[in-house]
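A.B. asks: return atomic coordinates for the entry below.
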Amino acid sequence: MKYRLFLFDLDDTLFDFSASNAWSFRRMLSASDAVVSPDQVFADFLEIDSGLWKQFEQGLVSRDQLKVERFVRTFAKHGVTMDAEQANQLYLQGLSEHVALVEGAVEVCKALATVGEVGVITNGFEQVQRQRVANAGLQPYVSFLASSEACGYAKPDTRLFDFAVGQAKAFSRDSTLIIGDRLDADILGGNNFAISSCWFNPSAAPNASGVQPTYEIAHLTELLRLVGVRG
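C.D. replies: Numbers count the residues shown, from 1 in each chain. Modelled structure (predicted):
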């Protein structure tokens with residue numbers, strides 16, 4: 001087998017982030033006195049949050065600014081008077097507690113851990129992601145977790161990849177594969193770092209980005225056949 005080090009993105013690759021995100025936001029909002037439509041507030045939050053994450057990945061806003069500003073802007077739009085710091089704490093607590101796995105996540109990580117090393121490379125918050133890995137039952141199979149928060153740089157910056165492989169037991173570019181759902185972060189970062197990449201694309205979205213993955217899969221278990229490992 002060619003690959004021995006498998007770097008997984010977490011959100012929308014191993015974790016169904018959309019499910020956890022909606023649950024955490026709604027629980028947080030229920031702690032406020034606001035009389036609003038949760039669906040509309042959440043829809044606006046998603047748009048604002050996505051924009052701020054892109055700015056963060058470009059180095060235009062800090063992580064601490066992102067955490068609070070997304071709630072400041074969302075609440076201002078809907079007249080919610082809840083404190084943004086408190087909202088962020090409740091929201092992140094919810095994300096840590098509510099873990100929804102993508103189908104096949106445990107099976108794939110367990111199988112790959114028997115033939116190589118499984119690591120996580122994430123732009124998410126360090127403590128939240130560690131807690132989610134533990135709550136999801138993935139900890140026995142994940143050797144290390146490299147977060148942008150601990151590193152100081154976010155995907156697709158290759159410095160996060162350097163930080164990640166520095167925690168691996170062994171590393172060579174030829175035997176390393178990154179698996180992720182985002183072309184502009186996971187796949188572009190892998191390409192820039194000169195390692196193989198696998199785009200997890202369950203919705204069969206078209207690729208008009210110009211970023212080319214080494215492989216593409218629609219279901220996580222396809223990865224096992226792709227790298228020659230039995231599930």
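A.B. asks: and Ile179, that's in a strand?
C.D. replies: Yes - secondary structure assignment places Ile179 in a strand (DSSP: H, G, I helix; E, B strand; the rest coil).
A.B. asks: burial of it, as a residue count?
C.D. replies: Per other Cβ atoms under 10 Å, the neighbour tally for Ile179 reads 29. Heads up, the C-betas are built off the backbone N, CA and C, glycines and all.
A.B. asks: hang on, isn't it packed against Leu7?
C.D. replies: Yes - contact status for Ile179 versus Leu7: in contact at 7.0 Å, counting by Cβ atoms under 8 Å.
A.B. asks: report the distance from whichever strand or helix holds Ala150 to the chain centre.
C.D. replies: Here Ala150 sits within helix 148-151, counting by DSSP states H and E. Taking Cα atoms, centre = their mean, to the nearest Å, one finds helix 148-151 lying 13 Å from the centre of the chain it belongs to.
A.B. asks: what's the answer for stretch 129-146, then?
C.D. replies: The chain centroid and the centroid of stretch 129-146 are separated by 12 Å under Cα atoms, centre = their mean.
A.B. asks: could you export that stretch as PDB, CA atoms only?
C.D. replies: Listed in PDB are the C-alpha atoms of stretch 129-146, where the atom choice follows Å, rounded to 0.1, in the frame of the first residue of the first chain:
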ATOM      1  CA  GLN A 129     -12.400  19.600  18.100                       C
ATOM      2  CA  ARG A 130     -10.500  17.400  20.700                       C
ATOM      3  CA  GLN A 131     -13.700  17.000  22.700                       C
ATOM      4  CA  ARG A 132     -15.700  16.100  19.600                       C
ATOM      5  CA  VAL A 133     -13.100  13.400  18.500                       C
ATOM      6  CA  ALA A 134     -13.300  11.900  22.000                       C
ATOM      7  CA  ASN A 135     -17.100  12.000  22.100                       C
ATOM      8  CA  ALA A 136     -17.400  10.500  18.700                       C
ATOM      9  CA  GLY A 137     -15.300   7.400  19.700                       C
ATOM     10  CA  LEU A 138     -12.500   8.200  17.300                       C
ATOM     11  CA  GLN A 139      -9.800   8.800  19.800                       C
ATOM     12  CA  PRO A 140      -8.500   5.200  19.800                       C
ATOM     13  CA  TYR A 141      -7.700   5.600  16.000                       C
ATOM     14  CA  VAL A 142      -6.500   9.200  15.800                       C
ATOM     15  CA  SER A 143      -2.900   9.600  16.600                       C
ATOM     16  CA  PHE A 144      -2.700  13.400  16.700                       C
ATOM     17  CA  LEU A 145      -4.800  16.500  16.100                       C
ATOM     18  CA  ALA A 146      -3.300  19.600  14.500                       C
END
